[in-house]
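In: I would like the atomic coordinates for the input below:
(chains A, B, C, D and E)
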Amino acid sequence: MTALTIILLISPLIGTLLLLTCQNRSKKYSILISNISILISFLLSLFILYLYYSSNSVPQSINVLTFADIKLFSLYFGLYIDSLSLVMSSVVTSVSLLVHYYSISYMKHDRSFNRFFIYTNFFTFSMLLIVFSNNFLQLFIGWELVGLSSYLLIGFWIKKESAISANYKAFLVNRVGDVGLLLGLCLILLSYSTTDYNQIFEIKNSIDMDRMDIFGYSFSALSAICMLLFIGAMAKSAQVPLQFWLPDSMEGPTPISALIHAATMVTAGIYMVARLSPLYELTDGVLIFILYIGSITAFFLGLVALVQNDIKRIIAYSTISQLGYMTAALGASLYSLAMFHLITHAFFKALLFLCAGSIIIKCHHEQDIRKIAGLRKVMPITYLAFLYASLSLIGFPLTSGFYSKESIIDAVGYFGHTIPYLMLLLSIFTTTLYTSKIFFKVFFGKCSLPKSEENNFKIENDRQMLLPLFVLTAPAVFLGLFIYDPLMMGLLFQDSLAANELTISFYNNYVINSLNFFLHSFMTINFLILFAGLIFSYFYFYKRSFDISIPRFIRAVIEKEYGFDSLSRYFIPRIQNNISRFLWKDIDISTIDNGLINNTSNIINSLSNKVKKLQTGYIYHYSLIIISALILLLIIMRIAH
Amino acid sequence: MIPISYYLILSTIIFTLSIAGIFINRKNILVLLMSLELMFLSVNFNLITLGNYLGDLTGQVFVFFVLTVVAAESAIGLALLIVLFRNKKSIDVDDLSELKG
Amino acid sequence: MLYEYLPILIFLALALLFATVMLSAGFIFGGSNPDDEKNSPYECGFEPFEDSRMKFDVRFYLVAILFIIFDLEIAFLFPWAVVLDHIGLEGYLAMAIFIFILLIGFIYEWKKGALEWD
Amino acid sequence: MNIELITFIIFSSLLIFTSIKVITSSNPVLSAINLVFSFFLSAVLWLLLGAEFLSIILILVYVGAVMVLFLFVVMMLDINIAKKNAAYIKYLPLGIGIFIVFNILIILFFINTFENINYNAISSINIISESNTENLGFVLFTDYILEFEIAGLILLLGILSAIILTYRKNPNNKYQDPARQIDVRKKDRLKVIKGLKE
Amino acid sequence: MFDLFYIPEIILSIGILLVIVIDLYIEKQKYFSYLLIQFLIILASFYALTEVPTHAYSSYEFSKFTSLIKFLLLVGALIIFHYTYRHLNYLNNLKIEYFTISVLGLIGTMIMISAYSLLMLYLGIELLSLALYALIGFNKASKLSSEAAIKYYILGAMSSGILLFGISLIYGFTGSIDYFEIAEQISSVNNNSVQFLGIIFGMIFITASLCFKFGAAPFHIWVPDIYQGSLVSTTILLSTLPKVAVFVVFLKLYFIPFITLAFIWSDILIFIGIASIVIGSIFALTQENMKRLLAYSAISNIGFIILAMGLVTDDGLNASLYYTIVYSFTALASFGIITHITSNSHGIEDISDLAGLSKTHPYFAILILITMLSSAGIPPLIGFHAKLMVIQALINNSYIILSVLVVLMTVISAYYYLRIIKTIYFENRENLISTYTRNNILLSINVILLLGLGVFPFIMFDITSYLASILVDISI
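Out: Residues are numbered from 1 along each chain as shown, chains lettered A, B, ... in the order given. Predicted coordinates for the structure are as follows:
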């Protein structure tokens, strides 16, 4: 199993290297190499997952390669194989595979076609590195590599100004998170002097609540660690207040938005917290914080989605909102539910993005939904796929999204977190609204495409683009139904996640079984809100039977993303510019470059030049040096003894 | 019976003289080679003296080998000297400074 | 044991004494009026064309090296010869191998032509 | 004062004197001659120490062969000795300084140290007769055979490298090869060429 | 004695005597003689692996440790000869004697490794040194070569004298030249007695001489001159085989006879190690000559080895063994590459001779890139692990300041390695670079190993810890 996992892990890396070497070759090579390497990973993950469940294995942590083993820390490459990592890797590789396949067509006219696949392959590798890591250092490395590939892909079109600034923003925000992660890592090293997950899990039971004193404040080290790590997760998973980079990151190619900024990378934070659930269970206050952050994100960023007009941005805000659900689930100690929503969300959100990509291609890179309309006839397949994905997103009963999202909301309510529950509940409404906004505006009404292209109506899009839509529809809609029961009974993530008993009790007392949950849902307020939302949007967006004028103030607040917009658009660049200018001019150039580095190197160089003259080339000097050294040693020894 | 330390002091003096010979000599590499011969002579002195003191023949055997090796060594050294002279037309110690820095 | 060498010491001392006495006697009692011309190599007045020491050929050196090596061989042969009774076959073979090794050196020198004189 | 001590004092002071002459004389021939003297004097001192065979070897090999080699080289290289060498005076104080420091370090330590040393495990000595040569030979050819063969290798290496380094075949030299002369046949030398008919 | 017939040294000696004679009669077919020698070495390495540890001869040791080291040396020699043959041929300086003398020197290194008495050690060192004198002066037409040779000769002979002086003191104050008996004698000596002081004096003399042979500061002074002056093929030899042999001599001397004096020599070795690292790094900075630069880098590498050895702990020992093997590998690769390249119709002398190599010979450029990165200690390569192990050992023994210094020096040294890379990849100069071969499989393997063993460092960890464990066996 270990060997297979290693192959699974390095297959994308090898793909990347091969791609690098044949960068100048034809596109065929790139397509072949990238798709096959991901395919290998995908098949292997499924196979290993099957092996894992069929053989009733227990989680195992294997150190494959040791690079360094110092008292302070050990640096090694290890694998953590358990249901959590295997499920996650299956999700990552499957979405990645489909997106790769999709990109063949989507990117076919791009000049940097080969470069694109290098990045995506590399991304897949880095993500798998995080998924399978069994220690914090490896996690951190993977974390940074993922950030790097995301950075590269957001700015994939290097000539596009907005892409560059989005790129920059994403980079900046992720740094904030990285600082948190890094501090957490340091704190872990300080308090546990190991980075291995298992060892830390074991230690925490014995000295769980060791307190630290810093600046006179005393607090639990574990809580501090978890808090810092969560800051890292917040940046990566776009939680308030570090969420504003994600909408901008839609500047990258759409497949990338599907793969990285919807399905996989942004969930890394969720995954990490779930992975470390045994630690989070022991903290005090951190979970509540997480819960509130999650629900705030879910509600308020959902609102923002309402006022957007760019199709990709809307879906991006929706992603943030959905991530908020997951975070809230984490905060309520419902780790398996969070993972469940992560999985279903990965599929339906990827599907949504791919549909959006299909639309965008068809409309010649027009992304404003006000200018797109009436595509239902033109793109039937995309239409259907989008429909199913939307149903899943809004949580229409029986779809995957229904099971995952409604469970979270109900469970949060069930365990008595009233305010988050209300916020999550309300955001069902907003979700419904913005989803149907896209849906109705894009697919209904008068066709916006120019007449001349109507000849092409027969061909909706390339087959390579449509196949993934088909394939993804299945898990996006039905996956939830199949895995809901085993998941809720705690079978799926047995031994991997802490606090399974909460979910199980919720299941036993509230859900009973999936069918029951389905039937029951029609009687809940959730469905009511959903239904209201649908009715409302049907009339508002489709029939346009009435018009609502939102007060300008509120609209402005929402449009400006509660001030984050200006923060990100205006203040941060300016502050950043000033600070970096200061760092560059005053600190880097004059102090470090000239003062430290150049002077040091000058000093050392001149020292070297001077001492070089000691090597005179004369035998008598040489012999003198040797004899003097000998005498020196003798004298030292004579004195010492 | 002569005290053993006399011999040792004598050999040390010769040893130091030969070392001094190596670095006070600025003229002639041949003399350097001769200084080296002196050095080995003094070491042999040491070995023989100590062997005599210990009543052990190992010292003398050692000296025998040292004599053999040093003879071969000086043969090679003189050969190198000849090669050097052919190349440089000089065996001044001062001229040996092309390699430096 | 050392007394066996006493005659040699005395002989050495006497020889030294005689030589010193003779030389110093000549130096003290004989007359000497050195002169630049008189001390020059050819008293007849010719300036020598070159240094009286002529450059030796490298072959002298090569022969001398062979001489050293085989001198050392002899130095090893002496003690070997006197204890041949005590050291048995092993000692005998050891010397045979030793000589064989040096023989290779000799063959090498010969074949290379280092001993040819013109 | 016994005769041994007198001999020692005379010869050792002479030895130091000649050693100084070796390193200071400006003429390499003089240095070589002084070195010969040093070897002689050392040989006598070695005799006093009971190393008869080695003292003979020292004279035989060193005076007889090595110093001859040195002198050959002096002659071969045709070194201009007239040039006065005064540079060493500048470095003489340094030399003397090192000399003194070194001697202080070691000599002070040698004086009277050997009188109170007791050795725990001195290897047994193989003495088969009165003669130093026989004893030496016996030890050499029983305990040190491998070393002896290695010495052979070293000598071989000496021959090889000396020849490789110094010998160069003069292409202008004309050699007579008697073996070939005897071996030659008529057809090797004589070649009949059919003349062209006019 | 005659049951020793099958040890690699004797096989090599007999073989090489035959080759000397055979070569005289087939002077024209040099390649045949060369193949004969290579075959001999392979044969000997086979015997080295199958050597049965015995104690047939008291002053000569056969153990698994020595056999393994001998095997490594023989393999190294094989590789070196492989690099050297065509290089010399290319320079029109090919004589079979070059290889026969090298093999005699190789026998010398093997004797040094197996020596169990000071006499044997001396003979081994001399056999090696004599061979090196001849090899350094081998390029008879070159002024630099003969100058280097005479320098090395005089200083080397002086260091032999110092070694002998030390040996005589040890002999005088312990009454023996056998390692084991010396160890026994030293352990029974009172720490305040005169005898003890004498032994320490002797030990310091021996240390100084060995450090000279090793090329460790402040006895390093000959290294750059000799590296520069001699042929590259000699330089490879100089920078690998003797270093390994002297390293083993160090280990055996310090861990067998002098082990009870560890509290003294550990300080000396740490001092020498640090001095070597500092001097090697600083002097190398402004070097223009490639061989000189590599010479200084060798000095600083030797410093790492000695430093690790001076810690007198298991991890230090491990680290030094590891470092030695890694260093030899790297030196083999870096000089091996240089033997393959000529610039402006002479061998590579200055760094600037390599400018533009990446354009004309990307294969060699990549090889140099990997080798230099490894030397600089860039992570996935093996040089990183070697340096890390030493620093790790330092930290574990709480030499924090020293470890900081060492890291600093590593940074400085990275500068000049990267300078070479910069020259190769980013400088354009009209150099007429040519190579006599398009690629060399052995060389590629050599360089790839630097990378491969760096990614899988545990292979080497296992080897060195095995070596260390069998070394501990013999020292008890």
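
In: Shouldn't residue A:66 be within a helix?
Out: No: residue state for residue A:66 (DSSP: H, G, I helix; E, B strand; the rest coil) corresponds to strand; a helix is not indicated.

In: what's across from it in the sheet?
Out: residue A:76 (DSSP bridges).

In: Let me know whether it touches residue E:459 as I believe.
Out: No: contact criterion Cβ atoms under 8 Å: residue A:66 and residue E:459 do not qualify, at 11.8 Å. All C-beta spots, glycine's among them, are computed from the backbone N, C-alpha and C.

In: any common contacting residues for these two?
Out: With contacts defined as Cβ atoms under 8 Å, 6 or more residues apart in numbering or on different chains, no residue is adjacent to both residue A:66 and residue E:459.

In: ok now do whichever residue of chain B sits closest to chain C, which residues does it touch?
Out: Of all residues in chain B, residue B:75 sits closest to chain C, at 4.9 Å by Cβ to the nearest Cβ. Taking Cβ under 8 Å, 6+ apart, we find residue B:75 in contact with C:65, C:68-69, D:69, D:158-159, D:162.

In: quick one: whatever helix or strand it lives in to chain centroid distance?
Out: Using DSSP states H and E, residue B:75 sits within helix B:58-88. Between the centre of helix B:58-88 and the centre of its host chain there is 9 Å, according to Cα atoms, centre = their mean, to the nearest Å.

In: Please identify the helix or strand for the residue nearest to the spatial centre of chain B.
Out: Chain B has residue B:36 as the residue nearest its centroid, 2.3 Å off, counting by Cα atoms, centre = their mean. Per DSSP H and E, residue B:36 falls inside helix B:29-54.

In: ditto for residue A:80
Out: Judged by DSSP H and E, residue A:80 forms part of strand A:74-81.

In: Show me what the next helix or strand after that strand is packed up against.
Out: Going down the chain from strand A:74-81, the next helix or strand is helix A:83-106, by DSSP H and E. If contacts are counted by 3 or more Cβ pairs under 8 Å, 6 or more residues apart in numbering or on different chains; DSSP states H and E, helix A:83-106 sits against helix A:27-54, helix A:113-132, helix A:254-258, helix A:268-275, helix A:335-362, helix A:463-488.

In: could you give the angle of the very next helix or strand once past the second one to helix A:113-132?
Out: Stepping forward along the backbone from helix A:113-132, the first helix or strand reached (DSSP H and E) is helix A:136-154. For the pair helix A:136-154 and helix A:113-132, the angle between their directions (axes from the mean of the first three to the mean of the last three Cα atoms, to 10 degrees) equals 150 degrees.

In: tell me the angle of helix A:136-154 relative to helix A:268-275?
Out: 160 degrees.

In: From residue A:277, how far off is residue A:501?
Out: 12 Å (Cβ to Cβ, to the nearest Å).

In: For those two, work out which one has more neighbours and name it.
Out: residue A:277 (24 against 10; other Cβ atoms under 10 Å in any protein chain shown).

In: what sits against that one?
Out: Contacts of residue A:277 (Cβ under 8 Å, 6+ apart): A:333, A:335, A:497-499.

In: Return the subset of the residues you listed lying in helices.
Out: Counting by DSSP state H, those place residue A:335 in helices.
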